[in-house]
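*Asks:* Compute the structure for the input listed below.
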Amino acid sequence: MKKRRVAITGLGAVSPLGLDVESSWSNLLAGKSGIAEIKHFDASAFPTYIAAEVKDFKPNPALSSKHTRFAMPFTHYALEAAFQAFEDAGIKPTEQTASQWGVVTGSGMMTAEFQYLHHFQKTCAQDGEVNWTQLKERTQEFYKLADFGKTTPNSGLSLLIQQFGIRGYASSVHTACASGGQALGLAMQVIRRGEADFMLAGGFDSMINPIGLSSFCLLGALSTYNETPTTASRPFDGTRNGFVLGEGAAFLILEEWDKAKARGARIYAELAGEGNSLSSYRITDSHPNGDGAIQAIERALCDAGVQAADVDYINAHGTSTKMNDLSETNAIKAVFGKRVAHLPVSSTKGQTGHLIAAAGALEAVLSVKSIEQAQIPMTANLTTPDPECDLDYVVDGPREKSLGVVLSDSFGFGGSNSCLLFKHPEFEGAGR
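*Replies:* Residues are numbered from 1 along each chain as shown. Here you go, the predicted model:
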């Protein structure tokens, strides 16, 4: 049976580089950095006190409702990015089409907010142990129903459904840094299976809070180049020493290809393939030989029905950690062989930081923009070559290049690996 093709017709983003797609894209190409000292809270006592925060964001009044009181702050990023994607696509669910619309989100750890835990400790556990008598007597001082509602894993998904009137397929993906990419892949499969004709898909996250920052500091995963924040994230560089936390949201509108064409929609690109694997080498590291990543990349190529020789650019996961960058480099070498000498690769995390569950979604948007604009963003801060990381990492960007096929990698803690494959709307295979 012939697969139903999937068109990308709408883009939306709230990122450390801008509050919409165009500002994020233009600032990326201009070489600007979204990384600076943390402003959300006083992080001065942490080993790392820099991050890529969303700046000057204010929730859209048009997206406010009685339900948004259950929203974590970064869920407002999701509502805004989704709103932008709908506006960009020029189509929304209606009473007649609501059941044909679905949504898949990639989201992060919906844990209790630090302020809630801090107030709990002051109220009921002042000496470090829970005082059960005080807990019973003073519950109403710190616990509200909204606190529970905020932290359920599908709360963001529910808000998107309520806000935009989606009545069809719905799911939420929680696979760490692979979440956003896998959410898009699942949405593509839903359209292919005929369970929906239109999908809203993407990711949103923020771990820039005392709990998230302390967790990654304890893991030793974050860059400690605090004095030079704009160059702290150094994907594939020989002096890299960890990633930089980012935050934000990105969403895309996916449509069944023939329906998009029939309504005269602008088609940015085709989401043509996905590949997933679970390597489970270590909780935080990929296997040095790139094992799980190799499977994901090869499966994306196979799913899309294209050859390795067709790929024009890889938007790398490229976190700026020693192990990830080496593993991804080796995976690309294994799949593409001698062709890697002429295959452009870049990581945008040198400027955006690592958006964790939202990373794959934002990088999908940037990959699609690369196809539309025929421009490859550079890998920022790669100035000291690592002998083991020796691909064409595009340090001379933005590099102008016509792009027919683009891959976007996302590899998460716990071994989750995702690879998405995008095609130019007019791609016709090798020799085009």
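*Asks:* hang on, residue 204 is in a helix, isn't it?
*Replies:* No. If the criterion is DSSP: H, G, I helix; E, B strand; the rest coil, then residue 204 is strand and not within a helix.
*Asks:* Could you pull up the contacting residues of it?
*Replies:* By C-beta atoms under 8 Å, 6 or more residues apart in numbering, the contact list for residue 204 reads 74-75, 77-78, 81, 105-108, 156, 248-250, 357-358, 361. Every residue, glycine included, has its C-beta placed from N, CA and C.
*Asks:* list the buried ones in the one helix or strand residue 14 maps to?
*Replies:* Take DSSP states H and E as the rule and residue 14 turns out to sit in strand 6-14. Neighbour counts using 16 or more other C-beta atoms under 10 Å place 6-14 of strand 6-14 among the buried residues.
*Asks:* What is the helix or strand following it packed up against?
*Replies:* Using DSSP H and E, the helix or strand that directly follows strand 6-14 along the chain is helix 21-29. Packed against helix 21-29, as judged by 3 or more C-beta pairs under 8 Å, 6 or more residues apart in numbering; DSSP states H and E, are the following elements: strand 6-14, helix 349-352, helix 359-373.
*Asks:* looking at the ones you listed, which is closest to residue 188?
*Replies:* With C-beta to C-beta, the closest approach to residue 188 among the helices and strands packed on helix 21-29 belongs to strand 6-14: 4.9 Å.
*Asks:* Dump that closest one to CSV, restricted to CA.
*Replies:* Coordinates of each C-alpha in strand 6-14 appear next as CSV, following Å, rounded to 0.1, in the frame of the first residue of the first chain:
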residue,chain,number,x,y,z
VAL,A,6,2.9,14.2,5.1
ALA,A,7,3.3,17.9,4.3
ILE,A,8,4.6,20.5,6.8
THR,A,9,2.5,23.6,6.4
GLY,A,10,2.9,25.6,9.6
LEU,A,11,5.8,26.5,11.9
GLY,A,12,5.8,28.1,15.4
ALA,A,13,8.6,28.6,18.0
VAL,A,14,9.5,30.3,21.2
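*Asks:* and it with helix 359-373, angle?
*Replies:* Per axes from the mean of the first three to the mean of the last three C-alpha atoms, to 10 degrees, the angle that strand 6-14 makes with helix 359-373 is 110 degrees.
*Asks:* Enumerate every residue touching the nearest residue to residue 49 once chain neighbours are set aside.
*Replies:* The shortest distance from residue 49 to any residue that is not its chain neighbour, by C-beta to C-beta, 6 or more residues apart in numbering, is 4.0 Å, and that residue is residue 43. For residue 43, the contacting residues are 37, 49, 51, 210, 213, taking C-beta under 8 Å, 6+ apart as the criterion.
*Asks:* The third one: helix or strand, and which one exactly?
*Replies:* Here residue 51, judged by DSSP H and E, is contained in strand 50-51.
*Asks:* Show residues contacting that strand.
*Replies:* Outside of strand 50-51, the residues that reach it under the criterion C-beta under 8 Å, 6+ apart are 35-38, 40, 43, 208, 213, 223, 225-226, 229, 232, 244-247, 353.
*Asks:* Buried among those residues? Make that a PyMOL selection.
*Replies:* Command for PyMOL, covering only those of the contacts of strand 50-51 found buried under the criterion 16+ other C-beta under 10 Å:
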select buried, resi 35+38+43+208+213+223+225+226+229+232+244+245+246+247+353
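*Asks:* Out of the contacts of strand 50-51, which sit inside strands?
*Replies:* Taking DSSP state E as the definition of strands, the contacts of strand 50-51 contribute 36-37, 247.
*Asks:* Output those in JSON lines, with distance to residue 288 appended to each entry.
*Replies:* Supplementary listing: the ones in strands among the contacts of strand 50-51 in JSON lines, determined by distance: C-beta to C-beta, whole Å:
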{"residue": "36", "distance to residue 288": "33"}
{"residue": "37", "distance to residue 288": "33"}
{"residue": "247", "distance to residue 288": "29"}
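*Asks:* and of those, the nearest to residue 94?
*Replies:* residue 247 (32.5 Å).
*Asks:* That closest one contacts residue 16, correct?
*Replies:* Yes. In this structure residue 247 lies within contact range of residue 16 using C-beta atoms under 8 Å: 7.0 Å.
*Asks:* got any residues that touch both of the two?
*Replies:* Any residue near both residue 247 and residue 16 by C-beta under 8 Å, 6+ apart counts here, and that gives 52-54, 353, 355.
*Asks:* quick one: which of those is nearest residue 271?
*Replies:* Each of the shared contacts of residue 247 and residue 16 was scored against residue 271 by C-beta to C-beta, and residue 355 proved nearest at 19.4 Å.
*Asks:* contacting residues for that closest one?
*Replies:* When the contact criterion is C-beta under 8 Å, 6+ apart, the partners of residue 355 are 15-16, 52, 180, 203, 205, 246-248, 361-362.
*Asks:* and if you look at residue 273?
*Replies:* 299-306, 420-421.
*Asks:* how close does it get to residue 418?
*Replies:* Residue 273 is 11 Å from residue 418, where distance means C-beta to C-beta, to the nearest Å.
*Asks:* and if you look at residue 236?
*Replies:* Residue 236 sits 19 Å away from residue 418, going by C-beta to C-beta.
*Asks:* for residue 125, what are its contacts?
*Replies:* Contacts of residue 125 were listed using C-beta under 8 Å, 6+ apart, and they are residue 131.
*Asks:* What are the phi and psi values at it?
*Replies:* Note on residue 125: backbone dihedrals following degrees, to the nearest 10 are phi -150, psi 50.
*Asks:* Could you report the pLDDT at it?
*Replies:* Per-residue confidence at residue 125 stands at 87 (pLDDT).
*Asks:* following the helix or strand bottoming out on mean pLDDT in the chain, which helix or strand shows up next?
*Replies:* Taking mean pLDDT, DSSP states H and E as the measure, the helix or strand of the chain with the lowest value is helix 145-151, at a mean of 68. Proceeding C-terminally, helix 145-151 gives way to helix 155-164 as the next helix or strand, assigned by DSSP H and E.
*Asks:* Can you tell me, leaving aside adjacent residues, what's nearest to residue 413?
*Replies:* Take residue 413 and drop its neighbours on the chain: the residue closest to it by C-beta to C-beta, 6+ apart is residue 176, 4.3 Å away.
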